[in-house]
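1. Provided below are the primary sequence and the corresponding predicted coordinates.
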Amino acid sequence: MQEIKRRYVIPGDKIVEGDYKPLMNVVRSGNYLISTRVGIAEAGKDGVKVIPLSGVYIPRVNDLVIGKVVDRSSLSWDVHINSCFFAHLPAQDVFGRDFSPARDDMGRQLSIGDLIIARIVSFDRTRDPMLTVQDKDLGKIPYGEFIKISPTRVPRLIGKRGSMIQTIEQATQTRVIIGQNGIVVVTGRDIDGLSLAVKAIKMVEDESHTTNLTHRVKTLLNVQDPVEIEQSENTNISSNDGSDLVSSEKSNISSDSSSNTSSNVDSSTFEQTSNTEQQQQNSSTFEQTSNTEQQQQNSSTFEQTSNTEQQQQNSSKLDFANTQQIEEKQPENNLHSDSTDSDQKEEKPE
C-alpha cells in the first residue's frame, strides 16, 4: 500500500490511490480518495481523513456540545450550540416523565443565559438536533471561563489520546471542558492557572497548522519533555561523576596521608606496646625470681629452725638420759655406803 504523508489539501484534491477506507471529509471516486474540505490529510489505522482548517460546526449524533440557553417554550429550552442549527432540550429530560407545564417551573432549573453541556441524541437535516443531559457529568455548568474557538481546532486541542489537553490541565491545575462545537469552559481555583490555560488554548487555536506546537505549548507552561528531563539527568549524573572522581581522588590522597600517619602512629604505638610488654615480662620475671629466692630463704630458714629444734630435742633427751643415769648411780652409792657402815659397826665389837 502507498505511504500517505501528512499534507495540506483543498476540496477536490486526490489524497491517495488504493484500497483505503475514507473517513471524515474524504470521499471515494473510482480508485482514488478525494478531499471535500480545506485542511490537513492524514492516515491512521482506521483510514484516511482530512482535518479541516476552517468551517462551521455540523451537528452529529453522540457529539458532546456546550451550549447557551437562549429561549424557552412550554415544553423545551432552545440552546445555541455554535452552529447554523439550534438545538432543543426537552423539559421531560430534566423534570422526568411526570413533567407538567402548569405545575413545574422551568425557570427553577434552567434560565436564559445558562451554559449547559449536553449530548446530541438525534439529528438530521430535516429537523433541529435534540439534546439530553441524563448522562454522567452532563447538565448545567455553574461557573468557569468561557472560550470560543473554531470547531476545526478541537481535535488539535485534544491531541492524540488526549495528550495536549492533559498537559494543559496538569500544568495549570485546572479542568478544561471541551465541546465538539468549539466551545471550551475552563474551571479552577487559581486565577493565574486559569489565565495560563486560556493562553495555551489560544496558542493551540492560532498555531494548530504549524509543527512543533506541543513543544511550544510545554515551553509556555514550563513543562519539560521526557527527553529533556533525561538529558538533564544525564548531565547531572556526568557532573556528579566528575565531582565524585575529584572527591574520590582527594579522599584517596587524604586516606593515603592518613594511612601513613596512622601507620607511623601504629608503629610507635606498637613499639611502646612492645616496650611495655617487655617491661612487664621483666618485672614478672624479677618477681618470680624474687619469689623463688624468698621461698628458698624461707625453706633454708625452716630447715635451720628444724635442725635447731632437733638439736634442742636431742640435747634435752641427752640431758634426760644423763639425769636418769645419775639418779640410778646415786642409789647404788647410797647402798654401798650403807653396806660399808654396817660392816664397820660389825667390826667394832670384835
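-> That came through, no problem. In this text the structure is predicted, and so the values were computed from the model without any measurement.
2. If we ignore the residues flanking it in sequence, what's nearest H209?
-> Among residues not flanking H209 along the chain, L53 sits closest, at 6.0 Å (C-beta to C-beta, 6 or more residues apart in numbering). Every C-beta, even on glycine, is put in place using the N, C-alpha and C of the backbone.
3. Over to V184?
-> I147 (4.3 Å).
4. now swap in L221 and tell me
-> A171 (3.8 Å).
5. May I see the buried residues of the host helix or strand of M164?
-> Here M164 sits within helix 163-172, counting by DSSP states H and E. Within helix 163-172, the residues that count as buried by 16 or more other C-beta atoms under 10 Å are M164, I165, T167, I168, E169, A171, T172.
6. Give me the contacts around it.
-> 156-159, 174-176, 178, 188, 190, 193-194, 196-197, 200-201, 204, 214, 217-218, 221-223 (C-beta atoms under 8 Å, 6 or more residues apart in numbering).
7. so of these, which ones are in helices?
-> 156-158, 193-194, 196-197, 200-201, 204, 214, 217-218 (DSSP state H).
8. For the stretch 51-200 of the chain, just list every one of the helices.
-> Shown for the stretch 51-200 of the chain, the helices assigned by DSSP state H, counting those that start in this stretch span residues 92-95, 154-158, 163-172, 191-206.
9. I would like the residues contacting the shortest one, please.
-> So the one you mean is helix 92-95. In contact with helix 92-95 (C-beta under 8 Å, 6+ apart) are residues L75, F99, D104, Q109, L110, L131, T132, V133, Q134.
10. list the buried ones in that helix?
-> D93, V94, F95.
11. can you redo those as a markdown table with pLDDT?
-> Formatted as a markdown table, the buried residues of helix 92-95 follow (pLDDT from 0 to 100):
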| residue | pLDDT |
| --- | --- |
| D93 | 87 |
| V94 | 87 |
| F95 | 86 |
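12. Settle this for me: P151 is touching S54, isn't it.
-> No. The pair P151 / S54 is not scored as a contact, 9.4 Å apart, by C-beta atoms under 8 Å.
13. More neighbours: those two, which one.
-> Neighbour count, other C-beta atoms under 10 Å: between P151 and S54, P151 has more, with 21 against 11.
14. And the pLDDT at the more buried one?
-> We note a pLDDT of 89 for P151 in this prediction.
15. how much space is there between it and G179?
-> Applying C-beta to C-beta, to the nearest Å, the value for P151 to G179 is 9 Å.
16. which residues are in contact with both of the two?
-> N82.
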